[in-house]
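Participant: 3D, please:
(chains A and B, ligands or ions: 3)
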Amino acid sequence: MKPSTVRGRPRVNAVTRRLAGHLVRGLVMIWVVTTISFVIIRNIPGNPVLGQYETLIERGMSPDQAERATAALYGFLPTGSLWEQYTGYMKALLHLDLGQSLSTPGTEVVTLIGSAAKWTILPVLGGTLLSFVLGVTLGVYAGVKRSGKLGDLLSISGSLLHGVPQYVIGLLVLAIFTTLWPIFPAGGPVDVEFVPGFNAGYLASLIQHATLPVLTYALASYGGWVLAMKSSVATVLGDDFILAAELRGLSRGVLFRYIARNAILPLFTILALSLGMLFGGAIFIERIFNYPGLGLLLVNSIGARDYALMGGTFLVTTMAIIVVNIAADLLYAVIDPRVRTGGVA
Amino acid sequence: MTTTSPETGGHPGAPSPPGLAGGPGDMTAPGVRVRDLVVVYRTPLGELPALGGVSLTIEPGTITGIVGESGSGKSTLALSLLNAVQPPGRISAGSVEIDGLGNVLELGGDDLRQARGRHLGYVFQAAQNSLNPLKTVGKQLLDLGRSHGADDPRALVRDARSLLERMGLDGARVLDSHQHQLSGGMRQRVGIMLALVLNAQLVILDEPTTALDMITQATILRIVREVHKERGLTTLMVTHDIGVAAEVTDRLAVMYGGRVVEHGPTMDVIGAPSHPYTQGLIRAIPRLSGDTAEARALPGRPPTLGTLPAGGCVFRERCPLRMDVCETVEPPPVLVDRRTVACHAVAGARQERVVREERVVREQERVGREEERA
Ligand SMILES: Nc1ncnc2c1ncn2[C@@H]1O[C@H](COP(=O)(O)OP(=O)(O)OP(=O)(O)O)[C@@H](O)[C@H]1O
Ligand code: SF4
Ligand SMILES: [Mg+2]
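Facilitator: Ligands and ions are numbered 1, 2, ... in the order given. As a prediction, this is how the structure comes out:
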């Protein structure tokens, strides 16, 4: 007989090791993305970098000055070998230097992205949180009450919402709450008459303006959560340990917690995916609500041919998604003892 | 021995005390009386009976084995004792009287929930997966205690540890582990511990040793027997291994096609099987039949829900003693010697014997009267 010892004792560093693995992978991905971003900017038809450099010289700048000015704008040298340009670009990135915006002269791209980021991150996180909590709660209900009118209704509403593209939901929300039934402001992040700061009027206006984008994000992902949770609950209900728990006469509250906690776990793996999708959707939704986040910044930079801004926004968004993925996976590892204690997941 | 209706009587048993059982000793082993139990499963062919009117009396304090081929309805019967038949199955007729609980088929809601776990300990067939993967064994033990109003968690943990240690495990360590950190045999023993730790007086084990190595199996069987004796339990053990049943049980019920075809003292049933199916079953095992050369498999295949004949004897397709009456009339269980058997041939033989005996008695009476006259 095998010795009766407990296999796979908790290894304290299981999560740490996972984190290290993720960091390495994350860094490699970021390197790949930055390189791609470099290649794209450099190979844009008409080579805007070189064009800028030449324009400045035509305007009477010395080549030296022009080179520095262009480097400031794009984050890399307009002349020199490919390798020199590449290392220059990477070096600048390490110093968080993404160059200067063309369409807002004199402003660092990093600054623009920094001020736009909060308008994307907060509503996306808020919407996700809202839809996650709502969708998971209703999904548990729909899963436990497999038959029954309310359960069916929840499933159907989930499937319907899940099938509608984000921008359609955005347009519908806009039409309903600003035109048909105008109770929310149509666009912008905040009404201009309030002084920014920690005062009631400003905060209220912020929330009013954020409601529709948040609602749109929430509606766009709500259906997915309901369906995912419902099917996850159905799977758990079929598991042997639930029957065993019933046969041991565990109380309803305990049983419900067993079901809910086991069912919710796999959903964390799609949390990152969902966040990524919403970040992508921000391009449409911020445009619809004229909300000054990263999506709108990207759209505007494309309109203005502001290549430095475009590349920077693209880069930062991609990095955000990578970071979110790592965070979600670590969260999963912390919650699931099978991962936490180094067993099979 | 004159009755033809077996399975009567039973043991009144003591009503269970209010609150949680303090220790062994304060409850007596309950008897169980299953009557005409019908359980059907919904299939594409309609509702088909997995149990076709089972009657079985389990005497208090016995270890009863239930044997039979796969699909004969052993698990279905065991689950019925907890009124826990799972959809697409349903109990459609009959009663299950358990001393101290009454007819469990009429229990529902919280009464039923509290009966499970506290009065009825169940180790189910897939006990290897019977734990919540996200919680340690210890936390699940406390969940169990809390669900049944055990107000002394420390005593509960102590009892659990001592049970685990008796089964050869490191109790503290196991309580601190998650399911994935335990081997199959260890999980099985945890399942048994959870069935015993609240001092349930009726313990039902569904194939507790399947898929375990021989030594673990022996350890588990030993503790089942020991605890049964110490606490004075009524124990029911489902197995498809007659060897295991022979080792552990006092009484043996043989199931075939959703019927209990023979039930009696284990030694009688194995030593001198009377139902043709039991005879075939025993003959198929070299270790028990005594002669390896004579061991031969039962011909034919066990029936499934779909192939079970609707009328007559369910075993007739494979029966060497099949008679005309077997085609149309389902054999009722009759008491023969100390056991119940459901077979026309066995009942007929008994009838003949009775008739013969009666003739002898009448003859003696006649002779006696004539002698008197003379
Ligand atoms: N969920 C179900 N749906 C349909 N039929 C079922 C279901 N569960 C069991 N059955 C049928 O009921 C009959 C009895 O099944 P049961 O599980 O009680 O047999 P068993 O004697 O415990 O078999 P095993 O030794 O394989 O555990 C079988 O014919 C089986 O096919
Ligand atoms: S009733 Fe008939 S068919 Fe069934 S076991 Fe007895 S003799 Fe065989
Ligand atoms: Mg079974």
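Participant: How about the contacts made by B:Ala172?
Facilitator: B:Arg161 (Cβ atoms under 8 Å, 6 or more residues apart in numbering or on different chains). Every residue, glycine included, has its C-beta placed from N, CA and C.
Participant: Oops, could you answer that again for B:Val85 instead?
Facilitator: So B:Val85 contacts B:Val39, B:Thr76, B:Leu79, B:Ile91 (Cβ under 8 Å, 6+ apart).
Participant: Secondary structure of the third one: a helix, I assume?
Facilitator: Yes - counting by DSSP: H, G, I helix; E, B strand; the rest coil, B:Leu79 is found in a helix.
Participant: Where does the closest residue to it other than its chain neighbours fall, secondary structure wise?
Facilitator: Residue nearest to B:Leu79 in three dimensions, not counting chain neighbours: B:Val85, with 5.2 Å by Cβ to Cβ, 6 or more residues apart in numbering or on different chains. Secondary structure from DSSP states H and E places B:Val85 outside every helix and strand.
Participant: Phi first, then psi, for B:Val85.
Facilitator: When read as degrees, to the nearest 10, the backbone of B:Val85 gives phi -60, psi 130.
Participant: Please apply the same query to B:Val334.
Facilitator: phi -130, psi 150.
Participant: Now chain A against chain B: closest residue?
Facilitator: Of all residues in chain A, A:Gly249 sits closest to chain B, at 3.1 Å by Cβ to the nearest Cβ.
Participant: The chain: strands as residue ranges?
Facilitator: By default, I'm working from chain A. Secondary structure of chain A (DSSP state E): no strands present.
Participant: Oops, wrong one, chain B.
Facilitator: Using DSSP E, the strands of chain B run over B:32-43, B:46-58, B:63-67, B:89-98, B:102-103, B:120-123, B:202-206, B:234-238, B:251-256, B:259-265, B:334-336, B:339-341.
Participant: about what we covered before: so what pLDDT did the residue nearest to B:Leu79 get?
Facilitator: With respect to pLDDT, B:Val85 scores 95.
Participant: got any ranges where the chain has weak pLDDT?
Facilitator: Going with chain A. For chain A, applying pLDDT under 70 flags the ranges A:1-13, A:44-48, A:73-79, A:146-147, A:341-345.
Participant: I was thinking of chain B, sorry if that wasn't clear
Facilitator: B:1-27, B:287-295.
Participant: Would you mind splitting it into its domains for me?
Facilitator: Chain B breaks down by automatic domain parsing into domains covering B:24-270, B:273-373.
Participant: do the last one and ligand 1 meet?
Facilitator: Yes - remark: domain B:273-373 sits within contact range of ligand 1 at B:Thr304, B:Leu305, by Cβ under 6 Å from any ligand atom.
Participant: Is ligand 3 within reach of that domain?
Facilitator: No - Domain B:273-373 is not in contact with ligand 3 by Cβ under 5 Å from the ion; minimum separation 12.7 Å.
Participant: quick one on the thing from earlier: near ligand 1, from the contacts of B:Val85?
Facilitator: B:Thr76.
Participant: how about the residues of the stretch 151-300 of chain B that lie near ligand 1?
Facilitator: Applying Cβ under 6 Å from any ligand atom, we find that the stretch 151-300 of chain B lies next to ligand 1 at B:His240.
Participant: where along the stretch 151-300 of chain B do the helices fall?
Facilitator: In the stretch 151-300 of chain B, the segments counted as helices under DSSP state H, counting those that start in this stretch are B:153-166, B:171-175, B:184-196, B:214-231, B:242-248, B:266-271, B:276-283, B:286-289.
Participant: same thing with chain A?
Facilitator: With DSSP state H as the criterion, chain A has helices at A:14-43, A:48-58, A:63-74, A:82-94, A:109-144, A:149-163, A:166-174, A:200-237, A:240-247, A:252-264, A:267-288, A:294-303, A:307-335, A:337-340.
Participant: With respect to B:Gln128, which of the contacts of B:Val85 is nearest?
Facilitator: Nearest to B:Gln128, judged by Cβ to Cβ, of these is B:Leu79 at 17.7 Å.
Participant: can I assume the closest one is in contact with B:Gln86?
Facilitator: Yes - under the criterion of Cβ atoms under 8 Å, B:Leu79 makes contact with B:Gln86 at 7.2 Å.
Participant: between those two, who's got more neighbours?
Facilitator: B:Leu79 (22 against 12; other Cβ atoms under 10 Å in any protein chain shown).
Participant: returning to that earlier point: spit out the contact partners of the closest residue to the residue of chain A closest to chain B other than its chain neighbours.
Facilitator: Distances taken as Cβ to Cβ, 6+ apart place B:Gly117 nearest to A:Gly249, at 3.1 Å, with adjacent residues excluded. Listed by Cβ under 8 Å, 6+ apart, the contact set of B:Gly117 reads A:Leu247, A:Arg248, A:Gly249, A:Leu250, B:Leu144, B:Ser147, B:His148, B:Leu198, B:Ala200.
Participant: Excluding residues flanking it in the chain, which one is nearest the residue of the stretch 151-300 of chain A found nearest ligand 2?
Facilitator: Residue of the stretch 151-300 of chain A nearest ligand 2, by Cβ to the nearest ligand atom: A:Leu247 (33.8 Å). Setting aside the residues directly before and after it, A:Leu247 is nearest to B:Tyr122 in space (Cβ to Cβ, 6+ apart), at 4.5 Å.
Participant: what separates the one you found from B:Leu198, distance-wise?
Facilitator: 11 Å (Cβ to Cβ, to the nearest Å).
Participant: Compare these two and say which one has the larger neighbour count.
Facilitator: The neighbour count for B:Tyr122 versus B:Leu198, taken as other Cβ under 10 Å, is higher for B:Tyr122 (29 against 23).
Participant: beta partners for the more buried one?
Facilitator: B:Ile204 (DSSP bridges).
Participant: what sits against it?
Facilitator: Taking Cβ under 8 Å, 6+ apart, we find B:Tyr122 in contact with A:Leu247, A:Arg248, B:Ala78, B:Leu82, B:Ala84, B:Arg116, B:Ala195, B:Val203, B:Ile204, B:Leu205, B:Asp206.
Participant: Could you dump the residues you listed into TSV with distance to A:Leu93 and neighbour count added?
Facilitator: Formatted as TSV, the contacts of B:Tyr122 follow (distance: Cβ to Cβ, whole Å; neighbours: other Cβ atoms under 10 Å in any protein chain shown):
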residue	distance to A:Leu93	neighbour count
A:Leu247	60	23
A:Arg248	58	29
B:Ala78	67	23
B:Leu82	66	25
B:Ala84	63	19
B:Arg116	63	24
B:Ala195	63	26
B:Val203	68	24
B:Ile204	68	26
B:Leu205	66	28
B:Asp206	64	22
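Participant: Just the closest of the residues you listed to A:Gly148, please.
Facilitator: B:Ala84 (22.2 Å).
Participant: So is stretch B:308-320 next to ligand 2?
Facilitator: Yes - using Cβ under 6 Å from any ligand atom, stretch B:308-320 reaches ligand 2 at B:Cys313, B:Phe315, B:Arg316, B:Cys319.
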